[in-house]
Every structure is written in structure tokens, then in C-alpha cells.
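# let's see this in three dimensions:
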Amino acid sequence: MDTLLAEAAELLAATTNLNVTYTYDQEKNDRGTDGHLTITNGQQKYTWGVELKKRLLRQVLAKLTLVKTVLHDEKALIIAPYINEKLAELCREMQIDYLDLAGNAHLNNPPIYIDIRGRKPPPEHQIQLTRQLTGKAFQPKGMKLVMMLLLRPELVNQPMRVLADEAEIALGTVKQVLDDLKQLTFIIDRGKKGYAINEQDLLLTRWLDAYPHNMEAKLKQALYVAQDLTEIRNAPLEPYGALWGGEVAADAYTHYLKPKTYQIYADAEAHKTLLKKFRLRRLHANETDVTPIRIVEPPVAIEKIKGKLPGYATPLLVYAELLNSDDPRNLETAKRIYNDYLA
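Okay, here's the model as predicted:
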């Protein structure tokens, strides 16, 4: 982080042949900036207020302090070691300028316009990324235990057999995950007071980072079309052993989002019941003129992921689903869910 702004500025200058300078702020100020980057073009200077990120993630975008593109007459600029194309696209849609050390850049401060895409991350960043995602805690089975600890931090002091039952994983896996979390200092020993979850927000970030590949992608799911979408949308699902997730749950928790997609958590038995009760049929290939309903197998027993509202999944899963969406409108809703239920 100490050299991130300098490296990014020097790379931008070398790539564009522009006069690029930078300054570091001594400490975070009321604007929330870490420094400034300036491009001089003739007699004109164009300056961005910079926020540095060790790693830019969807959840970081949702919580950015620089949520506006202009701060005190300065454009906002995010700099990270690497920004993948999906996140870069979200930044562009949110009108947030960015730079990374791979050489990707988007700066729009007329008449300055720079748009460089498709650069791969530096090898050292790929090694760091791999290290961050290794270990049992953030692998598919470990993710279930971490989720339960995020939902119920008091479980950290329960016997391993209880944790195995709660996360529905093997006893040996529980020990490996706990050892991993202790090594990463996410679980600390307070002596007579027992164990405690440490840096819970950072633990949440790591879990969210692994969620798309190591949890969501591992869940059985299928797409259906309802004979009457309004009927199932207005029906309480809890009596059928199912829960709304995704945008429908997000709307219930925030009253801010008009759902465009529909997701339901249901185990095998509830799945069959829903198909029969609401006359759901499989979505056909290349069928685009309908609104599909995604039925997803819950990561653990359905009663363990019930949220604060009857019939809806826990805000933790809803938050993860919104961040895993490619729709920028979901990021603001995700931020509201974080502030209201997870912060």
C-alpha cells in the first residue's frame, strides 16, 4: 500500500506519455482520500482524489467512502493492485474512475479520457491472491462453518461436535477450519473468557470473496417458469419449507429495490412441493421472453438460514447474492443491508 499510488502513477505515465504526478495525504482526511493524482496537459491540471485498496471487491465497492464521483471539485479515483474486468465494468457503470498495477485504467475528466482494458494481473498479485484463498476455512465445506460463525458468533465456544452438526460437515473438517481461523487470527483465545471471533468484518470480507466459487457455485439449482408469477410472488413460502432469497428478500429488508430476478431456497422435498403447488415448469433453452425463478438448494438445513423476516433468507446470504450479481443497482441495496443488518 505504501507504494501503490506511486507505482500506479508511474505506470500510467509510461503507458500514456502524459505528465502524471502524485502526492500522498499524511493521514485520512474528512474527504476520505489517501492522496491525489494529477495529470498536467499544457497549462491545465486535472486532479483526482485517490482511495487506495489492497484488493477491490464487490463488497468494497458497495461500502466505498467515495460513493460519489465528485468530492469537493475533485474526481474520485480508486487504485488497487488488480481490478478484474467484471469489477472494472461495474466501476465504469457507477462512473468511478480506477487504476491498477496491471495497467488497466479508466479516467474520465474531460478533456482527459483514458480507457485501457484487458491487462492481466502481475504475477506477484496472482501469488498473493492464491495464498488468500487457500486453507480449509474458505474452501466449500469450511465456508459453511464460517457462515454459521458469522450468523452466530457464540458458536465459537461450542464443542466441535456441535459445530459439525451446525455446519453439517465432518468433525475432522471442523478442527482443520478452526485451526485455520486461529492461524489467521480470526479466532482468538481470551483465556478464562473463552474464544472470540476477531476482526469479524474482515472475516466477512474473506467469506464474501470466496462465496461465488466456493459456496454459491456448489449449490444445486434449477430455473423454472411459473404459470402465475404473481401468485408465487405473493405467497408465504415458509409453510412449504422454503425461503425467498436474492432481490425479493432484498426488497423485503430494504423496501428499496424492485426485484427483476427471483430466487428461492428449498430443499429436495420443498422443491417438489413448490413445483406442484405453483405449477412450475422447467425454463427451456433460449427462452428469453419469460421471468425465470431460480430454486436453489440451501447450504445447510433451511431453518438455519431463516432471516429476521418470516419467509426470507438471512440478510447475510442476501447480501452475498447481491454482491455476486452483475447489476450495479444491487450494490446500493447491498450497502443498505450491510448497514442495517450486518455492520
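# residue 224 pairs with what?
Beta-bridge partners for residue 224, by DSSP bridges, are residue 282, residue 293.
# I'd like the distance between it and residue 264.
9 Å (C-beta to C-beta, to the nearest Å). C-beta: built from backbone N, CA, C; applies to glycine.
# between the two, which contacts overlap?
Jointly contacting residue 224 and residue 264 under the rule C-beta atoms under 8 Å, 6 or more residues apart in numbering are 293, 294, 295.
# tell me who's in contact with the last one.
Neighbouring residues of residue 295 by C-beta under 8 Å, 6+ apart: 221, 222, 223, 224, 263, 264, 265, 266, 271, 274, 280.
# confidence score at the closest residue to residue 88 other than its chain neighbours?
Closest residue to residue 88 apart from its sequence neighbours, by C-beta to C-beta, 6 or more residues apart in numbering: residue 104 at 6.1 Å. Looking at residue 104, its pLDDT reads 94.
# quick check: phi and psi on residue 104?
Note on residue 104: backbone dihedrals following degrees, to the nearest 10 are phi -70, psi 140.
# just among the contacts of residue 295, which is most surrounded?
Counting neighbours by other C-beta atoms under 10 Å, residue 265 leads the contacts of residue 295 with 29 neighbours.
# and that residue, that's in a helix?
No - counting by DSSP: H, G, I helix; E, B strand; the rest coil, residue 265 is not found in a helix; it is strand.
# who's in contact with it?
Residues near residue 265 by C-beta under 8 Å, 6+ apart: 242, 243, 244, 245, 295, 296, 297, 298, 302, 305, 313, 317.
# note down every partner strand of the longest strand along the chain and its orientation.
The residue-count maximum for a strand in the chain (DSSP state E) belongs to strand 44-52. Sheet pairing of strand 44-52 (DSSP bridges) gives strand 35-41 (antiparallel), strand 74-80 (parallel).
# mean confidence for that strand?
Average pLDDT, strand 44-52: 90.
# heads up, I number from 271, so please use that
All right, first residue 271 from here; so that's strand 314-322.
# tell me which residues in that strand are buried?
Neighbour-count burial for strand 314-322, with 16 or more other C-beta atoms under 10 Å as criterion, is recorded at 316, 317, 318, 319, 320, 321, 322.
# export the shared contacts of residue 494 and residue 534 as JSON lines, with columns for distance to residue 345 and pLDDT.
Rendered in JSON lines, the data for these read as follows (distance: C-beta to C-beta, whole Å; pLDDT from 0 to 100):
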{"residue": "563", "distance to residue 345": "41", "pLDDT": "95"}
{"residue": "564", "distance to residue 345": "38", "pLDDT": "96"}
{"residue": "565", "distance to residue 345": "44", "pLDDT": "97"}
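# of all these, which comes closest to residue 433?
For these, the minimum distance to residue 433 (C-beta to C-beta) is 28.3 Å, reached by residue 565.
# measure that closest one to residue 572 for me?
Going from residue 565 to residue 572 by C-beta to C-beta gives 12 Å.
# need the overlap of contacts for these two.
Counting by C-beta under 8 Å, 6+ apart, the residues touching both residue 565 and residue 572 are 535, 536.
# what about the helices in the stretch 471-613 of the chain?
Applying DSSP state H, counting those that start in this stretch to the stretch 471-613 of the chain gives helices spanning 499-504, 516-524, 538-547, 585-593, 599-607.
# so which of those helices is the most surrounded?
Sort these by mean neighbour count, taking mean count of other C-beta atoms under 10 Å, and helix 585-593 sits at the top with a mean of 25.
# correct me, but residue 292 touches residue 275?
Yes - in this structure, residue 292 is within contact of residue 275 by C-beta atoms under 8 Å, at 5.2 Å.
# what touches both of the two?
Contact with both residue 292 and residue 275 is made by residues 305, 307, 320, according to C-beta under 8 Å, 6+ apart.
# domain map for the protein?
274-392, 404-481, 489-612 (automatic domain parsing).
# show me what contacts residue 507?
Taking C-beta under 8 Å, 6+ apart, one finds 513, 514, 534, 536, 544, 581 in contact with residue 507.
# what about 6 Å?
Residue 507 is in contact with residue 581, counting by C-beta atoms under 6 Å, 6 or more residues apart in numbering.
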